[in-house]
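Undergrad: sequence first, then the predicted structure, then my questions.
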Amino acid sequence: MNHFGRNNFTIFKMKNFIIIIGLCFLFPKILFAQEKETDTITPKDLTEVIVIGKKAQLYQKQAKPLATIDEYLQQSTKIDMIRRGSYAWEPMINNMPTERTLVTIDGMRIFGACTDKMDPITSYVEVSNLSEATLKSGQQGACHGATIGGSVDLQRNRAGFSNLGWNAAVNTGFETNSKQKIVGSAINYANNSFYIDTDFMFRDAENYTAGNGQEVLFSQFRKFNISSTSGFSFDKNKLLEGSIIYDKATDVGYPALPMDVSLAEALITSLKFEYVPESSPIENWETKIYYNTITHKMDDTKRPSVPIHMDMPGWSDTFGFYSKTKGTLRNHHFIADLNSFYNRSVAEMTMYPADSNEKLMFMYTWPDVKTLYTALFLEDNIALNCHSSLKFSTSLGNHFNEVASELGLESLRIFYPNMKASKNRILPSVSSNYSFDENGFSYGFGLAYGQRAPSVSEGYGFYLFNSFDTYDYIGNPELKNENSLETSVSMGYKTQKWSAKMSASYFHISNYIVGKPDASLVPMTIGASGVKIYTALDYATIFNTDLNLEYQFSDFIQWKGQLVYSYGKDFENQNLPFISPLRYFSSLNFKKEKFLSSIAVQGNATQTQFSPFYGEDRTPSYAILNFDAGYSLDFEKVKCGLKAGVENILDTYYSTFSDWNNIPRKGRNFFLNVSFSF
Amino acid sequence: MKFLRILPLVLLTILASCSNNEEPAVDELYGLSKIKEITNTTHTIELYKHMGGLEQGYNEIALKIKDNATNQYIKNATFTWTPVMHMATMNHSCPKSPVTKVSTDGLVYEGYIVFQMAQNATEYWDLKIDYTINGTSYTMTSVIDVPASAKQRVTTFTGSDGVRYIAAYVDPHHPKVGVNDMVAGVWKMQDMMTFPVVDNYKLKIDPRMPSMGNHSSPNNVDLVQTVAGDLYNGKLSLTMTGYWKINLQLLNAAGTVLKGETITDAVPASSIYFEIEF
């Protein structure tokens, strides 16, 4: 067996271990699981992993195995999802939205093509593509680019060399509320030097109904996703792997927004070379080149009445590479990562006047903005002794923007007459973390500083309508870098029966980018309240703390609890938007042999610290009750997994602080997931 | 071999003689096309204009004059022109500039005429040109074609001071998304035949898109004169392509609004405006 096989096997074993402890929550993942035998000291990492699962084994791990990625991610205490409909929720890390976070797929940078954030990149992958999501808080997530809030790296599923021969799986699911139909399949083949994994998933959902039985119009969606990963190993320690994902969503409704989406299409490709040197301080050297292209088309033709019909297509193309080395030198565990990407983002708006003899109204909402980013990331995790470790990481990035469209540039010069077409920024990041672990107690302490560049919308957006605060937003190319000083602490205690972990992080963010109303400007969008120009607050602070508890009553019964509290204020002590109120989750899980079941309650306290300035209102408290049960059947050659459950058993009508324009969430929903693996 | 050595010299001579003829090196008519020829027994005057023929509104007109006998263009003529509208009950003229030489050595003369109304089935414009060459005076007159413009480019109104004014859109000829240098003119009717430029007034602009909620654009600069007797200059911001109504207000030197309204939700358009579409 070669090195890759062994690595995968170790990971696989670890996953079983994870399954045994618990089904659906966060676990501190020990990096460098495949330690060299001579080195007994292992530094700890504060990374958290959301297990999404491996194809046929999906059903073992999750209350609802064929849930969407969004539903998986929101189980994390550090992630909240901004929801504009059933589909394509926007993940927030540490209460920070897309601009301040970094979401990557296997280290690849991808940028949504929608000016209204209707296509976070998590919407272009499927659970069938992924094995896990690695969440890193704050600057610890700076490996693949500049971030403030943290990063999520969605890791591709690859069976690799772990199961030789042919493997196949079929997944099907149905949900009563929204009549969602799910069909998926996976076919994998591996021999000693070659493997190919393919999977397919299709979802089709109609409008869902809220807790009072009211149908939420324009909440339908349909999407399919097909992907393939194939690897070829030579010399036993070199691997070449190609990967492709094609994702296409059509007829996606966004009940919280004035427009829907007729097409969201992504092609995500990569080619990776991995080298595992023998008897060298370098354990692994991985180099990847990638390309992805996204087309996104908004559509208002199905809405009963629109003041003016408009087309709003957007495109985003990204080329990139990274080369990452991991190694060990005595008690130093180091990572070096050189990465770069080039992105081109264009979005247009064409409005059709009621008088068809009039000329069309056209403008660029993203004026063909080109971004070239190059960074070097270095990390050294030093095992001080068998209890404690100290980790330093630093990154220095160069961020270059250019407005390539002359028309777009002229448009922005209406606001910024002396604006130059291009702008260069240097983005530094440093972080240090100390962790200590003895007799079941663990402590961690971190201190970090980082910067980010404004997003395309914040820097160059042109009359982007935000239906939340009903303002048109204008980008500001003169914004300074937003920079963040953060501290984090964590404490944990673990015995045979108990496991408790508390973590807290505090961010002091200077030049905090927000939109500020400019009363002298007249909005373009019909019905808009005004125009906001992106500008920077002196600073803002965000504090998050979460508690994860587990108690094993017996071999079969386990209890879990989560409690999250967040706080976000600007320098004038005004509330920031999308800060979670007190949030809790509690579940009782039963598992005996092939049967497992859980009952869970989840809820939020009343959102009292809301921000009317950003369009928020007070969101009442809610609590919902969920139940699920599953059983796996093993036949001679076929394994079958059954999972059924009810979400929102009491059919509660509710919406959360992160539901765009207070659209209600799903009412009672029965689901059935069945999977077969051969 | 000897011929080859001489050849460049020969070519140079030919080129030099070519460029030595009556045409100046710079094409003074670049971008203009001939719209009309007016002839009398001695001379022919050619009228040129950018973007097609004359139309209602501000017209920048270039002209050249040719001796019919020699077919040579004349450099030293001086002109006065008088456009006259022939209506059923009366005749009147319109605002116009003097005719001046584009460059001392050139052959092209230019000026503007602001036709505040278009011709129709019974009413028409003619243009009388009086000119002097080497102390001898001549004249010629011809009916000219002044159709209505597709979009409103000129507006005639009586101000609150009782004076009759004419405001006309001049530039940009080709509006673009972005900030445009805008030029317009303001004249008053002194009598039926005299329309002098109004000095030291202000023309406030508020561009709007009536087809899209009547939204405006930011950072426009109202039009003022830099030199008395000149046209008015300002900045026009256009955030997108399409049809824009440029709502106007005319203010006198004291800042009193003589005509035009501020746009509000209740007042979607001013009584005086220009239109553009691109």
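TA: Received it, and whenever you're ready, just let me know what you need.
Undergrad: hey, where'd the strands end up in the stretch 251-400 of chain A?
TA: Per DSSP state E, counting those that start in this stretch, the stretch 251-400 of chain A carries strands over the ranges A:260-275, A:282-299, A:309-329, A:332-352, A:361-383, A:388-403.
Undergrad: closest to chain B out of those strands?
TA: strand A:361-383 (3.5 Å; Cβ to the nearest Cβ). C-beta: built from backbone N, CA, C; applies to glycine.
Undergrad: arrange the strands of the stretch 251-400 of chain A in TSV, one row each, with mean neighbour count and mean pLDDT as further columns.
TA: Formatted as TSV, those follow (neighbours: other Cβ atoms under 10 Å in any protein chain shown; pLDDT from 0 to 100):
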stretch	mean neighbour count	mean pLDDT
strand A:260-275	20	96
strand A:282-299	20	95
strand A:309-329	19	95
strand A:332-352	20	96
strand A:361-383	20	96
strand A:388-403	19	96
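Undergrad: residues in contact with the residue in the stretch 201-350 of chain A that chain B sits nearest to?
TA: Chain B sits closest to residue A:308 of the stretch 201-350 of chain A, with a gap of 5.6 Å, by Cβ to the nearest Cβ. Neighbouring residues of residue A:308 by Cβ atoms under 8 Å, 6 or more residues apart in numbering or on different chains: A:351, A:352, A:353, A:354, A:526, B:211, B:212, B:213.
Undergrad: neighbours around the residue nearest to residue B:231 when sequence neighbours are not counted, how many?
TA: Among residues not flanking residue B:231 along the chain, residue B:185 sits closest, at 4.7 Å (Cβ to Cβ, 6 or more residues apart in numbering or on different chains). When neighbours are defined as other Cβ atoms under 10 Å in any protein chain shown, residue B:185 has 23 of them.
Undergrad: which of the helices or strands spans whichever residue of the stretch 301-450 of chain A sits closest to chain B?
TA: Closest approach between the stretch 301-450 of chain A and chain B, counting by Cβ to the nearest Cβ: residue A:410, at 2.8 Å. Element membership for residue A:410, per DSSP states H and E: helix A:406-413.
Undergrad: pull out the buried positions in that helix.
TA: Residues of helix A:406-413 classed as buried by neighbour count (16 or more other Cβ atoms under 10 Å in any protein chain shown): A:407, A:408, A:409, A:410, A:411, A:412, A:413.
Undergrad: just send those back as a markdown table, with pLDDT too.
TA: Shown next, in a markdown table, are those (pLDDT from 0 to 100):
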| residue | pLDDT |
| --- | --- |
| A:407 | 95 |
| A:408 | 95 |
| A:409 | 96 |
| A:410 | 95 |
| A:411 | 95 |
| A:412 | 96 |
| A:413 | 96 |
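Undergrad: domain ranges for chain B?
TA: By the assignment in automatic domain parsing, chain B contains the domains B:32-144, B:154-277.
Undergrad: please identify the most buried of those domains.
TA: Comparing the domains of chain B by mean neighbour count (mean count of other Cβ atoms under 10 Å in any protein chain shown), domain B:154-277 comes out on top with a mean of 18.
Undergrad: gap between the two ends of it?
TA: By Cα to Cα, to the nearest Å, the extent of domain B:154-277 from end to end equals 15 Å.
Undergrad: please tell me how far that domain is from the chain's geometric centre.
TA: In terms of Cα atoms, centre = their mean, to the nearest Å, the centre of domain B:154-277 is set 16 Å apart from its chain centre.
Undergrad: is the closest residue to chain A within the stretch 1-150 of chain B in a helix, a strand, or coil?
TA: Distances between the stretch 1-150 of chain B and chain A by Cβ to the nearest Cβ are smallest at residue B:150, namely 10.7 Å. When classified by DSSP: H, G, I helix; E, B strand; the rest coil, residue B:150 comes out as coil.
Undergrad: what's near enough to touch it?
TA: By Cβ under 8 Å, 6+ apart, the neighbours of residue B:150 are residue B:277.
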